[in-house]
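Novice: Only the shape, not the letters, is given here:
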Ligand code: CMP
């Protein structure tokens with residue numbers, strides 16, 4: 001199924017390695033449908049990570065995500081959600097370096113919180129995250145006529 005997913009290049013790397021990571025993404029088979037560099041408001045970060053409300057890292061995570069500019073990308077590909085998660089590697093960059101050293105988090109991430117990249121974890125969250133950051137009308141692939 002042709003899907004879209006939401007990717008973020010996070011504050012730990014956006015300022016120093018953002019363009020280099022963008023170059024790498026451009027060399028993959030994902031189509032970059034939308035792209036912007038911006039700084040989240042705290043309110044946006046809190047809404048973006050609503051699934052993590054109540055977890056011990058929620059406050060640090062949301063304040064950090066709103067602390068500096070990030071890159072946000074809408075990526076399109078067959079099974080994009082799973083494919084982008086595989087491209088990123090495991091959430092924890094330390095684990096990524098052990099089990100998947102050629103993934104983006106293994107290369108660019110630091111640990112389990114400063115992990116360089118985000119990817120949507122489900123079709124529901126992909127649509128929710130894309131709509132939150134880009135507005136209505138960007139979440140679904142364009143329909144092909146035949
Ligand atoms: P992300 O894929 O953006 O989804 C939730 C984020 O929370 C995750 O990447 C990490 O940045 C962060 N995170 C997840 N688990 C932990 C944890 N155990 N401790 C600290 N931060 C975490």
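Specialist: Happy to help now that I have it. Remember, predicted model here, so these are calculated numbers, not experimental data. Numbering: from 1, shown residues only.

Novice: tell me how far the ends of stretch 54-63 are from each other?
Specialist: End-to-end distance of stretch 54-63: 14 Å, with CA to CA, to the nearest Å as the criterion.

Novice: State the mean pLDDT of it.
Specialist: Averaged over stretch 54-63, pLDDT sits at 98.

Novice: repeat for stretch 110-124
Specialist: Mean pLDDT, stretch 110-124: 98.

Novice: just stretch 18-25 next, same as before
Specialist: 97.

Novice: Which residues does it contact?
Specialist: For stretch 18-25, contacts defined as CB atoms under 8 Å, 6 or more residues apart in numbering pick out 7, 9, 13, 32, 35, 37, 71, 73, 75, 104, 108, 116-117. In this view, the C-beta of every residue, glycine as well, is placed from N, C-alpha and C.

Novice: With stretch 120-133 instead?
Specialist: By CB under 8 Å, 6+ apart, the surrounding residues in contact with stretch 120-133 are 3-6, 34, 36, 44, 47-48, 51, 72, 74, 80-81, 84-85, 138-140.
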